[in-house]
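**Q** Let me see the structure of the following:
(4 chains)
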There are 2 protein chains.
Amino acid sequence: MKQQAVFRALADPTRRAILKRLHGGAMSAGEIGEAFDITGASLSHHFAVLKQADLVRTERRGQYIVYSLNSTVMEDLTRMMLDLIPSAGGKGGKR
Amino acid sequence: MKQQAVFRALADPTRRAILKRLHGGAMSAGEIGEAFDITGASLSHHFAVLKQADLVRTERRGQYIVYSLNSTVMEDLTRMMLDLIPSAGGKGGKR
DNA sequence: GCATTATTTAGATATTTGTCTAAATATCTA
DNA sequence: TAGATATTTAGACAAATATCTAAATAATGC
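**A** From the prediction side, this is the model:
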């Protein structure tokens, strides 16, 4: 997992909102965009950042490009964060 | 929890390293700084960001200022992230 | 009080980032 | 093939950020 890419991706509120929206299921870029008041170009930029962090997957379906969550990376990340918490799991523990 | 402040704080690798370092126990600003090749002023800036996110606590001890992890916020954050993962806990669930 | 040490604040600067408009690419349908 | 729709790419620009040096604040010990 590209830790830096993932944390950077999550730092922007619009990108977190995109992930949340995808939580409901896969969606085309356009559908996702309906919820936001920014241009398609800006949206596309956010998608690129999320893809680079491997947080989303894409699949072309005809004219559309469908985005879906890659929950594996999210799980990895969460595990890694638990590792930063002394009270859970213990420092340097195996896990 | 100020979500945006927390994610923003975690987006920088130096700050994540600081948190990791504090994982071993409370330390003065100077002690933390030994591990990094940046000026005290820059360090201080990172501390300010971490404090704003409530990720660390400070306590003056004589001449020194001692930093320690605030694990509560880290736990909150992790829970919140788990909520972004479909396979764990379920979307929109109570939790 | 004064010099020393630890940390923060102020101000400057270069880099990164989010957004936009305009143009390019890809697919569908008539 | 031409026109319409969906998405990305290129290039520009303003705002945010990480860093630095210099100065300020706070505590210690002579």
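**Q** quick one: the spatially most central residue of chain A from A:F36, how far?
**A** Most central in chain A under CA atoms, centre = their mean is A:L55, positioned 3.6 Å from the mean C-alpha point. As defined by CB to CB, to the nearest Å, A:L55 lies at a distance of 17 Å from A:F36. Where you see a C-beta, it was placed from the backbone N, CA and C, and this is true even at glycine.
**Q** now swap in A:M80 and tell me
**A** Applying CB to CB, one obtains 29 Å for the distance of A:M80 from A:F36.
**Q** got the buried residues for stretch A:51-68?
**A** Buried residues in stretch A:51-68, counted by 16 or more other CB atoms under 10 Å in any protein chain shown: A:K51, A:A53, A:D54, A:L55, A:V56, A:R57, A:V66, A:Y67.
**Q** which element is A:L19 on?
**A** Under the criterion DSSP states H and E, the helix or strand holding A:L19 is helix A:13-22.
**Q** is any part of that helix close to DNA strand D?
**A** No. Counting by CB under 7 Å from any atom of the strand, DNA strand D is not contacted by helix A:13-22; separation bottoms out at 11.0 Å.
**Q** Just the CA trace of that helix, in PDB.
**A** This file holds the C-alpha atoms of helix A:13-22, laid out as PDB (Å, rounded to 0.1, in the frame of the first residue of the first chain):
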ATOM      1  CA  PRO A  13     -13.100  16.600   1.900                       C
ATOM      2  CA  THR A  14     -14.500  16.300  -1.600                       C
ATOM      3  CA  ARG A  15     -12.600  13.000  -2.000                       C
ATOM      4  CA  ARG A  16     -13.800  11.700   1.300                       C
ATOM      5  CA  ALA A  17     -17.300  12.600   0.200                       C
ATOM      6  CA  ILE A  18     -16.800  10.700  -3.100                       C
ATOM      7  CA  LEU A  19     -15.700   7.600  -1.100                       C
ATOM      8  CA  LYS A  20     -18.800   7.900   1.100                       C
ATOM      9  CA  ARG A  21     -21.000   8.200  -2.000                       C
ATOM     10  CA  LEU A  22     -19.400   5.100  -3.500                       C
END
